[in-house]
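In: return atomic coordinates for the entry below.
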Amino acid sequence: MDGKQGELLMGEGFRAALQRQAATLCQALADAAEAGDVWMVAVYSVDMEELQRLGRAHDVELPVPVQPAAARQR
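Out: Now for the predicted structure:
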């Protein structure tokens, strides 16, 4: 495997890892919001912001979590 192929594979693994982590955080954020756990919503939101920043820095599109209305109203 030449260097270019190694970079591609590493890049794809990194991209996939970021996307998996984003999906996990989105679910955790939704679960915390549904449970009314304001503290965990804040923690997961900060984690998601950092992950989004990392994704932008490496041109990886990540989902943007949508908070349920119940969490926004608290």
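
In: residue nearest the middle of this protein, spatially speaking?
Out: Ala22 (2.3 Å; C-alpha atoms, centre = their mean).

In: what separates Met14 from Leu62, distance-wise?
Out: Slight slip there: residue 14 is Phe, not Met. According to C-beta to C-beta, to the nearest Å, Phe14 stands 12 Å off from Leu62. Quick note: C-beta positions are derived from backbone N, CA and C, even for glycine.

In: more neighbours: which of the two?
Out: More neighbours surround Leu62 than the other of Phe14 and Leu62, with 20 against 13 (other C-beta atoms under 10 Å).

In: how about the contacts made by the more buried one?
Out: By C-beta atoms under 8 Å, 6 or more residues apart in numbering, the contact set of Leu62 is 18-19, 22, 51-52, 55.

In: same question, Leu51
Out: Neighbouring residues of Leu51 by C-beta under 8 Å, 6+ apart: 18, 21-22, 25, 62.

In: for it, what is the enclosing helix or strand?
Out: Under the criterion of DSSP states H and E, Leu51 resides in helix 38-57.

In: now that helix: how far from the chain's centre is it?
Out: Chain-centre distance of helix 38-57: 7 Å, with C-alpha atoms, centre = their mean, to the nearest Å.

In: now the longest helix seen in the chain: mean pLDDT?
Out: Using DSSP state H, we find that the single longest helix of the chain is helix 3-35. Averaged across helix 3-35, pLDDT comes to 82.

In: buried residues of that helix, list them for me.
Out: Residues of helix 3-35 classed as buried: 15, 18-19, 21-22, 25-26, 28-30, 32-33 (neighbour count, 16 or more other C-beta atoms under 10 Å).

In: what helices and strands are in contact with that helix?
Out: If contacts are counted by 3 or more C-beta pairs under 8 Å, 6 or more residues apart in numbering; DSSP states H and E, helix 3-35 sits against helix 38-57, helix 69-73.

In: any chance of the ones you listed in CSV with mean pLDDT as columns?
Out: Below are the helices and strands packed on helix 3-35 laid out as CSV (pLDDT from 0 to 100):
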stretch, mean pLDDT
helix 38-57, 94
helix 69-73, 50
